[in-house]
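Enquirer: Okay, sequence plus prediction incoming.
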Amino acid sequence: MRHRCRSRTPALARGLTLALTLSVFPSGDSQAEVSLGLKAGSLGVGPEISVPLGQRLNFRGGLFVYDLDVDYTASGVAYEGNIQLQNVLVLVDWHPSGGSFRLSAGLAWNDNSIEGEASLDDLVGLENPFDPLISLGTFRGETKVDPVAPYLGFGWGKAGHSASSGWGFSADIGVLLHGKPEVELSIADSPILVLLPELRPFVELLLEVEELELEQEIDSYQYFPVVSLGVSYRF
């Protein structure tokens, strides 16, 4: 099945605007010690900006994307799918000891999706159709999670105001609380159902059952683990 989340471009844009605004207008006695970097991890790959808010506080904002084709089997049905991740992450870091260790909290605006497509023959149980011309066709689906998700985590990176500029490295471990995923399935292409519309209610009922089974399988995936490594340069 082909799963895809709905677009949240305006929300993503607002997150990036906030990051850029804080970088241009740092608060208080900030010395505009802006760090720009590149980060890769389970949310994807992309740029990140960090701005000191105080001696032990940092603001961070990043945009991370990732795309991967994947084939998988769920509920006994073989799917051809695609995973797309698009995340804007806005965080405040607290360095309790003033060192590199930090505790982080914030929000993620996501346009993450898993799309998939599969054969209606598999859904009905026709393992070996005698003639492709009598195939029922295909169906597609999408998963949906909450478009705005809280983030909690910890990691290592430069704290607040730093006397040194230059290159630095960072690491983060955390979790996104994106809620219970929901599945939506629909008929994609089925000439046979056009010719025999009386079969459509039966097929749609099977799709509803498949939705419930898939949601039961992924019910525990309400949390998205975040692990990332990055390199940055502080000006």
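Expert: Nice, I can see it.

Enquirer: what about the helices in this protein?
Expert: 9-24, 120-124, 191-195, 200-217 (DSSP state H).

Enquirer: State the distance spanning the first to the last residue of stretch 36-47.
Expert: 7 Å (Cα to Cα, to the nearest Å).

Enquirer: same question, stretch 137-149
Expert: Using Cα to Cα, the two ends of stretch 137-149 sit 36 Å apart.

Enquirer: Number of residues surrounding Ala188?
Expert: 15 (other Cβ atoms under 10 Å). From N, CA and C alone the C-beta is placed, and that goes for glycine too.

Enquirer: Provide a list of residues in contact with it.
Expert: By Cβ atoms under 8 Å, 6 or more residues apart in numbering, the contact set of Ala188 is Arg2, Glu117, Gly137, Thr138, Phe139, Arg140.

Enquirer: what's across from the fourth one in the sheet?
Expert: Spelled out, that is Thr138. Ser119, Asp189 (DSSP bridges).

Enquirer: residue ranges with poor pLDDT in the protein?
Expert: Residue ranges of the chain with pLDDT under 70: 1-32, 126-134, 160-164.

Enquirer: Show me where it has its strands.
Expert: 35-41, 44-52, 57-74, 77-94, 101-110, 113-119, 138-144, 148-156, 166-177, 182-189, 223-234 (DSSP state E).

Enquirer: Geometrically speaking, which residue is the centre of the protein?
Expert: Asn112 (3.6 Å; Cα atoms, centre = their mean).

Enquirer: Please report how far that residue lies from Trp156.
Expert: 26 Å (Cβ to Cβ, to the nearest Å).

Enquirer: Could you tell me how far Leu205 is located from Ile187?
Expert: 12 Å.

Enquirer: Then Val77?
Expert: Taking Cβ to Cβ, one finds Val77 at 14 Å from Ile187.

Enquirer: Those two: who's more crowded?
Expert: Val77 (20 against 16).
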